[in-house]
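Trainee: Okay, predicted coordinates and the sequence, questions at the end:
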Amino acid sequence: MSKLTRWVGLVGVALRRTATKATRTAPRQTAVSVLGVAIAVALMLVVTATGLGLVQGTTVRGDAVDYWVVPQSGGASTMVVSTGSAQLGGVHQKSANLTADERIEYATPVQIEVLKVGKKGGKSEYVLGVGVVPDPRLDKVAGLPTAPLSPGDPYYADGDYNGTWTGETVISSGTADSLGVGPNATLTMKGAIAGSGARELQVTAVEPADVESGLSGMPVMLVHLSELQAISGAQSADQADQILVQSNTGGLKSELEDRFTGASAVTRSGFTAQNSVDSDLPLAMGLAALLIAIVVGALFVATTQGLQVEADSEQLATLTAIGFSRRARAVLLVVQALALTLVGGALGIVLAYVTTAITNYAATRAIAPVPIATFHPLLVVYGLGVSALIGVLVVPYLLAMERRTEGVSEVIR
């Protein structure tokens, strides 16, 4: 018999032995081991997913935008929305100056505000309002198209804020479902902070927000910047949270930062990386969750399986008596530990995914207009890796317990 065949046979015996324990001889101990790992991994992944959600920050992504100009004190904020964070001032003129540069195709300020929006004569809901200066060269912002809005910013009126109030808005499918409205519906909006009273809006289009924006299914609405500024009180200093810059020219980052004192320019590809480096809170949360998961999972498995090894002392001694070497017995214990922890890890991943979905649903209904947690597909690999690590860490303890069976094996011989 070749070595490979012998090792495959040992693994098969170990898996069958584990299955027998789970279904017949020791179902309770096996269930405790699996659930211990599952709960530890699920908590770790939920915390990590929340950290990833915080890292995303407040920048609203436009499909054709290559740079974001954001205030330094707010660019790497971990808040879901940027209400109350540092803002840029005089944004209409600054954006116009950028657009006049031949290297820049278009630039638009963006303001983000939580609004209380309701159907006329109906219920009201909190919606994430995004103010922009529409232009045919600008495709989508916050996952919604700007084309259904009139180009330019008519109400701005060269800084007087007394021009034509268009009242136009593009709403996401999430907003339409939440308010029970469709195209051409009349809405009223009121800022969650200081505003100038309720204003009427006319829905020009209902569109699903792009998945890439991170706002798919969420209540979002797109309006003209000056109209959002007027309702939120930001018109006094012509304020906005960021400026989106569309350009095919590289190397503009430092020049954009020179134009805006106290601001940072972030490229499309560098935004996520910058936030990951600059935000210490999500990293600390993830590391703490990892350590807790390893300790809790290892304690559960070591305790339950250690007791099981002791209960199986006569069985292990019998295997020794019939010719199973110490290495072969070690393989049985290693495979058993890894099988239990990997099953627990898989169950923990499912629990984490469900918990994350419930958390996002509860948060968007109660306190936040966008999801606060992001369950990235790589978290599946992460969860299984941690589960395997727990199994490996438990093995030395199980082997030490197994050595206590050698005295029983001598009696059987």
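Mentor: Structure's in. What do you need? Residues are numbered from 1 along each chain as shown.

Trainee: check contacts around residue 336.
Mentor: Contacts of residue 336 were listed using Cβ atoms under 8 Å, 6 or more residues apart in numbering, and they are 14, 17, 18, 21, 305. (Glycine included, C-beta is placed from N, CA and C.)

Trainee: Could you rerun that using 7 Å?
Mentor: Going by Cβ atoms under 7 Å, 6 or more residues apart in numbering, residue 336 touches 14, 17, 18.

Trainee: quick one, phi psi at the first one?
Mentor: Meaning residue 14. phi -60, psi -40 (degrees, to the nearest 10).

Trainee: What is the nearest of the contacts of residue 336 to residue 231?
Mentor: When these are compared for distance to residue 231 (Cβ to Cβ), residue 18 wins out at 62.6 Å.

Trainee: Give the buried residues for stretch 292-302.
Mentor: For stretch 292-302, burial by neighbour count (16 or more other Cβ atoms under 10 Å) applies to 293, 294, 296, 297, 298, 300, 301, 302.

Trainee: actually stretch 133-152, sorry about that
Mentor: 133-135, 138, 140-149.

Trainee: What average pLDDT does stretch 240-254 get?
Mentor: Average pLDDT, stretch 240-254: 80.

Trainee: For it, list the C-alpha coordinates in CSV.
Mentor: The C-alpha coordinates for stretch 240-254 follow below in CSV (Å, rounded to 0.1, in the frame of the first residue of the first chain):
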residue,chain,number,x,y,z
ALA,A,240,-20.8,71.6,-0.4
ASP,A,241,-19.2,68.5,0.9
GLN,A,242,-17.0,67.7,-2.1
ILE,A,243,-16.3,68.5,-5.8
LEU,A,244,-16.3,65.8,-8.4
VAL,A,245,-13.8,66.3,-11.2
GLN,A,246,-14.0,64.5,-14.5
SER,A,247,-10.7,64.4,-16.4
ASN,A,248,-8.6,62.1,-18.6
THR,A,249,-5.4,63.8,-17.6
GLY,A,250,-3.2,62.2,-14.9
GLY,A,251,-1.1,64.1,-12.4
LEU,A,252,-3.8,66.6,-11.4
LYS,A,253,-3.9,65.6,-7.7
SER,A,254,-1.3,68.0,-6.4
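
Trainee: how much space between the residue nearest to residue 31 when sequence neighbours are not counted and residue 15?
Mentor: Take residue 31 and drop its neighbours on the chain: the residue closest to it by Cβ to Cβ, 6 or more residues apart in numbering is residue 22, 7.7 Å away. With distances taken as Cβ to Cβ, to the nearest Å, residue 22 is found 11 Å from residue 15.

Trainee: Dump stretch 326-334 to PDB, keeping only the CA atoms.
Mentor: Provided in PDB are the C-alpha atoms of stretch 326-334 (Å, rounded to 0.1, in the frame of the first residue of the first chain):
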ATOM      1  CA  ARG A 326       1.100   7.700  17.100                       C
ATOM      2  CA  ARG A 327       1.300   9.600  13.800                       C
ATOM      3  CA  ALA A 328      -1.800   7.800  12.500                       C
ATOM      4  CA  ARG A 329      -3.800   8.600  15.700                       C
ATOM      5  CA  ALA A 330      -2.600  12.200  15.400                       C
ATOM      6  CA  VAL A 331      -4.000  12.400  11.900                       C
ATOM      7  CA  LEU A 332      -7.400  11.200  13.100                       C
ATOM      8  CA  LEU A 333      -7.500  14.000  15.800                       C
ATOM      9  CA  VAL A 334      -6.200  16.700  13.400                       C
END
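
Trainee: Need the residues that contact stretch 373-387.
Mentor: Contacts of stretch 373-387 (Cβ under 7 Å, 6+ apart): 37, 41, 44-45, 48-50, 52-53, 56, 290, 293-294, 341-342, 344-345, 348-349, 353, 356, 359-360.

Trainee: So which of the buried residues of stretch 292-302 are in helices?
Mentor: 293, 294, 296, 297, 298, 300, 301, 302 (DSSP state H).

Trainee: The nearest residue to the second one once chain neighbours are set aside: helix or strand, and which one exactly?
Mentor: Spelled out, it's residue 294. Leaving aside its sequence neighbours, residue 294 sits nearest to residue 390 (Cβ to Cβ, 6+ apart; 6.0 Å). Here residue 390, judged by DSSP states H and E, is contained in helix 378-403.

Trainee: can you give me the mean pLDDT across the helix or strand harbouring residue 365?
Mentor: Taking DSSP H and E as the definition, one finds residue 365 inside helix 326-366. Regarding helix 326-366, the rounded mean pLDDT is 85.

Trainee: Enumerate the positions of the helix or strand that contains residue 98 that are buried.
Mentor: Assigned by DSSP H and E, residue 98 belongs to helix 91-100. For helix 91-100, burial by neighbour count (16+ other Cβ under 10 Å) applies to 91, 92, 94, 95, 98, 99.

Trainee: Pick the one among those closest to residue 165.
Mentor: Relative to residue 165, the closest of these is residue 92; by Cβ to Cβ it sits at 16.5 Å.

Trainee: Quickly note the distance from the closest one to residue 373.
Mentor: For residue 92 relative to residue 373 (Cβ to Cβ), the value is 36 Å.

Trainee: ok, the residue nearest to residue 30 when sequence neighbours are not counted - how many residues close by?
Mentor: Nearest residue to residue 30, sequence neighbours excluded (Cβ to Cβ, 6+ apart): residue 22, at 4.2 Å. Other residues lying near residue 22 total 18 when counted by other Cβ atoms under 10 Å.
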